[in-house]
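[1] Build me a structure from this.
(chains A and B)
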Amino acid sequence: GNSVTQMEGPVTLSEEAFLTINCTYTATGYPSLFWYVQYPGEGLQLLLKATKADDKGSNKGFEATYRKETTSFHLEKGSVQVSDSAVYFCALSEDTGFQKLVFGTGTRLLVSP
Amino acid sequence: DVKVTQSSRYLVKRTGEKVFLECVQDMDHENMFWYRQDPGLGLRLIYFSYDVKMKEKGDIPEGYSVSREKKERFSLILESASTNQTSMYLCASSQTSGGLSETQYFGPGTRLLVL
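    This is a model prediction of the structure:
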């Protein structure tokens, strides 16, 4: 079946450092790809998404490019802030007659001043 | 802004109790979902509803049931709570129109402890 693999966390960075969180997927067909973020004590919220190969999703300084040849959707940010500390989930959508999201296990990011 | 609310942030229940988790969305979304979130496992889909009174099983429906009597409300029911149902429960909603690329909007979650 379809699956999403994320790098193990936590990822610990200093403020203004460059961030990469790796995400690879296994899927049949052409899923849409998502990054959701969960801030402490909150539910998940969409960070960005891409719907087809070579699309780049971006939001709040974060970017991810849908790479079909490497089945990847890595999340990047050029300069992280303390407020970016959160858990990041990579996900893909399956077409099972309805939109079913398959999530990775999540990567915790800790940014220190 | 879409708002998804869940009836409780924290619940403590005893083994064997019947537990109701309520979710309400205010954006007239057709689809509603219940997930559980566990460390190291990410989010797993329990049940999904695409219309009033309609439901579909997700990946882990055993021990759970759902009810959707009104479009804005989706309830998760633990018929007889067990300790292995201790978890964070997240409700989400979405429109149908965007298809596979549609955004799901999540509530803040209910952390359930079953003793």
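[2] Kindly list the longest strand within chain A.
    In terms of residue count, the longest strand belonging to chain A (DSSP state E) is strand A:86-95.
[3] Revised request: answer the last question for chain B.
    strand B:42-51.
[4] Name every strand pairing with that one and say which way it goes.
    Partner strands and pairing direction for strand B:42-51 (DSSP bridges) are strand B:31-38 (antiparallel), strand B:54-57 (antiparallel).
[5] so what's the nearest residue to residue A:38 once chain neighbours are set aside bridging to?
    Nearest residue to residue A:38 in three dimensions, chain neighbours excluded: residue A:87, at 4.5 Å (C-beta to C-beta, 6 or more residues apart in numbering or on different chains). Yep, even glycine has a C-beta here, placed from its N, CA and C like the rest. Beta-bridge pairing of residue A:87 under DSSP bridges involves residue A:38, residue A:108.
[6] What's the separation between residue A:87 and residue A:23?
    Per C-beta to C-beta, to the nearest Å, residue A:87 is found 13 Å from residue A:23.
[7] for the closest residue to residue A:39 other than its chain neighbours, what are its contacts?
    Leaving aside its chain neighbours, residue A:39 sits nearest to residue A:86 (4.7 Å; criterion: C-beta to C-beta, 6+ apart). Going by C-beta atoms under 8 Å, 6 or more residues apart in numbering or on different chains, residue A:86 touches A:37, A:38, A:39, A:40, A:108, A:109.
[8] How many residues are close by residue B:57?
    13 (other C-beta atoms under 10 Å in any protein chain shown).
[9] Against residue B:49, how distant is it?
    11 Å.
[10] and the strands paired with strand B:42-51 as TSV, adding mean pLDDT and distance to residue A:9?
    Formatted as TSV, those follow (pLDDT from 0 to 100; distance: least, C-beta to C-beta, whole Å):
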stretch	mean pLDDT	distance to residue A:9
strand B:31-38	95	15
strand B:54-57	92	31
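[11] between the ones you listed, which gets nearest to residue B:81?
    strand B:31-38 (13.0 Å; C-beta to C-beta).
[12] Enumerate the positions of the closest one that are buried.
    Residues B:31, B:32, B:33, B:34, B:35, B:36, B:37 are the ones in strand B:31-38 that count as buried (16 or more other C-beta atoms under 10 Å in any protein chain shown).
[13] In this structure the fourth one contacts residue B:76, no?
    Going back to what we said before, that points to residue B:34. Yes: applying C-beta atoms under 8 Å as the test, residue B:34 and residue B:76 come out as touching, 4.6 Å apart.
[14] Overlap of the contact sets of those two?
    Joint contacts of residue B:34 and residue B:76 (C-beta under 8 Å, 6+ apart) are B:21, B:23, B:46, B:47, B:64, B:66, B:89, B:91.
[15] From the residues you listed, which land in helices?
    Using DSSP state H, the subset of the shared contacts of residue B:34 and residue B:76 located in helices is empty.
[16] Out of the helices and strands in chain A, which is least certain?
    In chain A, no helix or strand scores lower on mean pLDDT, DSSP states H and E than strand A:99-103, which sits at a mean of 88.
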